[in-house]
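J.: Sequence and predicted model, in that order:
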Amino acid sequence: MNDLAALLRAMQLYAHAAHNLAKGKTFFEDHEAFAGFYGEYEADYDSVVERMIGLEGDADIAAITKAACDVINENPESSEKAYSVLLASEKRLCKLATEHNKGASLGTQNLLQALADKSEMRQYKIKRRLA
C-alpha cells in the first residue's frame, strides 16, 4: 500500500499548498475547503501507514515521502487548477483502493472502502465547485 500512502501524502501536501496560495473572489470558500481536504488526507494517510506497520511490521516513511513529492510536483497556479489536480487524484485514490481491496483482510477492506467513500463525497464537492 506504499502507492496509496504516497498518493494520500501528495494530496495532503498539494491541498495544503492550495490552501496557502488561495486568493481572489472565492478566497474564503477555497481557503476553508482546501484546509478541510488536507486535514482529511493527513488523517487517511496516517491510517494507511499505521495499517501497513500493523500488518507488515514496518513502513519506509522516507521512501513514501519521496514518492509523494514525485506524484504531484507543482504549485497550484489557481484554485481551479488545484481542484482539477485533486479531482484527478481522488479518482486515482479510488482506483488504488479498489486494487488493494482484492485479497485484503476484512479490516483492511473496511479501511479501503471508507477511503473510497470519503473520496467519492469529495469528488462530488469538487465537481460542483468546478461547474
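T.: Sure, I can see it.

J.: Now do residue 72, the pLDDT please.
T.: Note on residue 72: pLDDT of 84.

J.: So it versus residue 57, what's the distance?
T.: 29 Å (C-beta to C-beta, to the nearest Å). Just so you know, the C-beta spots here come from the backbone N, C-alpha and C atoms, and that holds for glycine as well.

J.: neighbour count winner among these two?
T.: Taking other C-beta atoms under 10 Å, residue 72 and residue 57 do not tie; residue 72 has more neighbours (21 against 7).

J.: Can you read off the backbone torsions of the more buried one?
T.: Backbone torsions for residue 72, taken as degrees, to the nearest 10, come to phi -130, psi 100.

J.: For burial, what's the neighbour tally of the closest residue to residue 108 other than its chain neighbours?
T.: The shortest distance from residue 108 to any non-neighbouring residue, by C-beta to C-beta, 6 or more residues apart in numbering, is to residue 51 (6.1 Å). Here the count is done by other C-beta under 10 Å, and residue 51 has 20 residues near it.
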